[in-house]
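Trainee: Sharing a model prediction with you, sequence too.
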Amino acid sequence: MKIAAGAAVAMAVALPALPAAADTPEERPDVPVGTWLAARTQPAVQLTSFTYTGTVAVPTSTINQTAFNRLVEQATATVASGKISSDERSIAKWLFQQIAADVDTYLASTTPERTVEAEVGGLCTGWWVTPDGYMVTGAHCVQVGETELSQLFARQALAKFNQQDAKEIISGLRGLEADEEIVKLAQQIYVTFNTNHMQLRNLKQSLSVVQSLPGGGVDKTAKPVPAELVSVGESYPGKDFALLKVNGQQNLPTVPLGDDSDVRTGDTLYISGFPGLVTNTPFFSLESKLEPALTEGPYNAKRTTQTGVPYIQTQAPSYHGNSGGPVFSKDGKVIGMLIAGTVSENGEASESESFVLPVGIIKEKLGEKNIKPAQTTTTTRYNEALNDFFRHYYSDSLPKFREVQALFPNHPYVAKYISDAQQAISAGKDESPKPILLWVLIGAGVLVAAVIVAVLAKVLRGRGRRRRHSEPSFVQPPPGAVQPPSWRQLPAGQIQPPAQGAYGQGAYGQAAYGQAAYGQGADGYGPVAYNDGGYGAAPYGSAPDHANPQYGSAPDHANPHYGPGPYGYPAPPHGQAQPHSGEQTRAVRYGQFTPPPNDRPS
């Protein structure tokens with residue numbers, strides 16, 4: 001018990017305060033929420049694409065001469081009535097407007113059929129939900145209705161045909177120089193006709209996820225990786241959900257799913273995704289196009305469609321291409337997926353009306369396919385490394401970042417963090433705390449030293465006791481003699497024997513050295529001097545329960561520095577000379593000690 005207590009005291013004095021335990025990955029460093037959240041979630045947010053390829057076939061068109069002649073007669077009558085001007089330009093515009101309004105009346109299909117190979121598609125956002133390649137995105141990001149698909153192919157594949165046909169009909173206007181308005185009216189005629197009569201053949205669909213290659217990051221080395229459509233729901237306003245699977249994946253970074261109850265009106269929501277205004281523009285590099293954009297805004301209200309599907313309305317900005325992107329709470333958990341937003345008449349997105357499919361629906365759909373969201377060491381270590389990085393613990397972050405790189409070589413951001421951490425260390429900005437192992441080793445050393453000191457102290461104390469019991473007792477002086485024994489020369493710093501007069505009839509007279517003091521008692525010390533009278537009682541005696549450990553001689557409390565004598569110093573051997581009575585009492589280690597007065601009973 002004494003050793004343990006001594007060691008505890010020694011450690012408390014010598015061991016510095018240990019650093020606090022490492023924060024869990026969920027604890028946010030002292031950085032803005034958006035900064036922290038974007039860094040954690042970006043690796044799991046991916047650009048997705050859907051592509052349709054096929055053969056587009058349209059017939060050659062010809063003027064229905066009979067219908068056209070009737071139209072010319074109507075034009076003549078209209079000019080005569082003064083409803084249109086009589087110049088050829090005004091008449092031509094009026095004719096084209098009438099044909100465009102009812103193309104199948106004035107145009108007929110004929111041969112030869114014209115064909116062209118075409119490809120159309122779109123870009124959306126998806127996010128990894130399992131480390132082995134399951135991805136969540138929107139239903140409208142993986143499939144398109146027939147009407148919309150025809151419009152996409154018409155815009156993509158028919159532009160050349162439309163322009164050629166427009167030139168031919170304009171050339172029939174003898175001597176009329178066509179201006180921009182006339183050209184647009186002529187092209188609109190054939191946009192409508194060719195779209196109505198277009199046929200799609202050999203139609204094929206493909207889905208892909210744009211991933212970076214090992215060592216390349218999200219830059220020009222990224223390439224589309226094929227994805228399989230596992231499940232798809234109904235497009236907005238239905239349960240707009242789709243599940244993709246990319247084969248051959250492992251250790252992918254993922255994001256955790258939250259609950260619908262995690263957020264409510266007034267909370268800030270964060271949308272991550274790839275806005276089309278960036279991915280579709282030629283002005284930005286591929287690297288910058290493939291970095292998700294993060295927007296934020298308040299949770300405005302909870303809505304429900306007429307079919308009973310819940311949606312969250314948020315003021316977080318969203319754009320074409322953001323569809324399918326995850327929406328986060330401030331804690332970094334997915335609380336929904338961006339699906340839709342209203343647009344103005346000119347096609348601009350309305351920032352005040354973005355609609356989010358709640359995470360409860362996403363969980364429901366995943367459960368239907370027995371898909372359980374999960375994360376691996378890749379995500380755990382990456383989040384821990386980011387926390388260290390943001391706390392400026394650059395040395396601590398490096399091994400974790402390298403572990404992530406080894407687990408997932410295609411990671412798009414870890415190489416940059418490794419480089420930034422190394423530069424910060426070289427610049428002397430590292431604030432990593434000392435490893436806890438160092439503190440443990442220091443503490444263990446202090447503990448071992450304390451134990452050794454305590455053991456040595458116990459050994460020395462035991463030797464002192466044995467010496468005390470082995471030294472011979474003073475021989476009783478001859479009858480009539482009261483001369484006290486002579487004393488040894490004390491080392492410097494120990495207590496001087498009492499001055500002359502302290503050994504008289506009371507203190508060390510016959511009671512002290514007489515028959516009572518060193519008489520025939522069972523213990524060799526007699527029944528008086530160290531029991532009832534003299535120094536046997538407290539505070540200087542040897543009573544087991546009250547002996548003073550500095551001065552007494554109780555077996556359990558004797559001080560090894562001062563020995564077993566009445567005042568704690570070694571008893572003088574019999575026959576040695578007594579020190580001069582005039583010597584002064586010497587200083588003791590913890591103050592001064594003087595023997596008790598001579599007024600005690602002998």
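Mentor: That came through fine. These numbers come from a predicted model, not from an experiment.
Trainee: so how far is residue 236 from residue 145?
Mentor: 12 Å (Cβ to Cβ, to the nearest Å). All C-beta spots, glycine's among them, are computed from the backbone N, C-alpha and C.
Trainee: Comparing these two, which residue is more hemmed in?
Mentor: residue 236 (19 against 10; other Cβ atoms under 10 Å).
Trainee: per-residue confidence for residue 127?
Mentor: In this model, residue 127 is scored at 98, pLDDT.
Trainee: if I pick it, what's in contact with it?
Mentor: Each residue near residue 127 by Cβ atoms under 8 Å, 6 or more residues apart in numbering is listed here: 41, 44-46, 135-137, 254-255, 272, 324-326, 334.
Trainee: Checking my notes, it in a strand, right?
Mentor: Yes. Counting by DSSP: H, G, I helix; E, B strand; the rest coil, residue 127 is found in a strand.
Trainee: what about residue 242, how many residues close to it?
Mentor: Neighbour count for residue 242, taken as other Cβ under 10 Å: 27.
Trainee: Go ahead and confirm it touches residue 139.
Mentor: Yes. Counting by Cβ atoms under 8 Å, residue 242 touches residue 139, with 4.8 Å between them.
Trainee: hey, what's in contact with both of these two?
Mentor: 232, 233.
Trainee: out of the contacts of residue 127, which are inside helices?
Mentor: Judged by DSSP state H, helices contain the following of the contacts of residue 127: residue 41.
Trainee: Quick check: buried residues in the helix or strand encompassing residue 207?
Mentor: Per DSSP states H and E: residue 207 is located in strand 199-211. Neighbour counts over strand 199-211 (16 or more other Cβ atoms under 10 Å) mark 200, 207, 208, 209, 210, 211 as buried.
Trainee: from the residues you listed, which has minimum pLDDT?
Mentor: residue 211 (85).
Trainee: Now for that residue: which residues touch it?
Mentor: Residues in contact with residue 211 (Cβ under 8 Å, 6+ apart) are 46, 222, 223, 224, 225, 410.
Trainee: All the strands of this structure, residue numbers only.
Mentor: Per DSSP state E, the chain has strands spanning 45-63, 107-128, 134-137, 199-211, 223-232, 242-245, 268-273, 293-304, 310-314, 326-328, 334-343, 349-358, 587-588, 591-592. These are given in chain order.
Trainee: CSV for those strands, including distance to residue 284?
Mentor: Below are those laid out as CSV (distance: least, Cβ to Cβ, whole Å):
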stretch, distance to residue 284
strand 45-63, 13
strand 107-128, 13
strand 134-137, 22
strand 199-211, 15
strand 223-232, 18
strand 242-245, 26
strand 268-273, 15
strand 293-304, 11
strand 310-314, 26
strand 326-328, 22
strand 334-343, 21
strand 349-358, 19
strand 587-588, 86
strand 591-592, 83
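Trainee: For residue 91, which of those is the nearest?
Mentor: Closest of those to residue 91 is strand 45-63, at 16.4 Å (criterion: Cβ to Cβ).
Trainee: what angle sits between that closest one and strand 199-211?
Mentor: 160 degrees (axes from the mean of the first three to the mean of the last three Cα atoms, to 10 degrees).
Trainee: Next, the angle strand 293-304 makes with strand 45-63.
Mentor: Going by the same axes, to 10 degrees, strand 45-63 makes 80 degrees with strand 293-304.
Trainee: So which bits of strand 45-63 are buried?
Mentor: Across strand 45-63, burial judged by 16+ other Cβ under 10 Å covers 45, 46, 47, 48, 49, 50, 52, 54, 56, 58, 59, 61.
Trainee: Who does the second one form a beta bridge with?
Mentor: Just to be clear, that refers to residue 46. Legend: beta-bridge partners of residue 46 under DSSP bridges are residue 126.
Trainee: That one and residue 58: what is the separation?
Mentor: 36 Å.
Trainee: how far away is residue 279 from residue 202?
Mentor: 28 Å.
Trainee: same question, residue 249
Mentor: Counting by Cβ to Cβ - residue 249 and residue 202 are separated by 30 Å.
Trainee: same thing with residue 185?
Mentor: Relative to residue 202, residue 185 is positioned 34 Å away (Cβ to Cβ).
Trainee: And the helices in the stretch 51-200 of the chain?
Mentor: 65-80, 88-101, 103-106, 146-157, 159-171, 180-197 (DSSP state H, counting those that start in this stretch).
Trainee: ok, the closest residue to residue 48 other than its chain neighbours - contacts?
Mentor: Once flanking residues are discounted, residue 48 sits nearest to residue 126: 4.3 Å by Cβ to Cβ, 6 or more residues apart in numbering. Residues in contact with residue 126 (Cβ under 8 Å, 6+ apart) are 45, 46, 47, 48, 135, 136, 137, 141, 209, 244, 324, 325.
Trainee: The last one: neighbouring residues, count only.
Mentor: Same thing as residue 325. Applying other Cβ under 10 Å, I find that residue 325 has 33 neighbouring residues.
Trainee: circling back to that earlier point, okay, the strands of the chain, which one's buried deepest?
Mentor: Most buried of the strands of the chain by mean neighbour count (mean count of other Cβ atoms under 10 Å) is strand 326-328; its value is a mean of 30.
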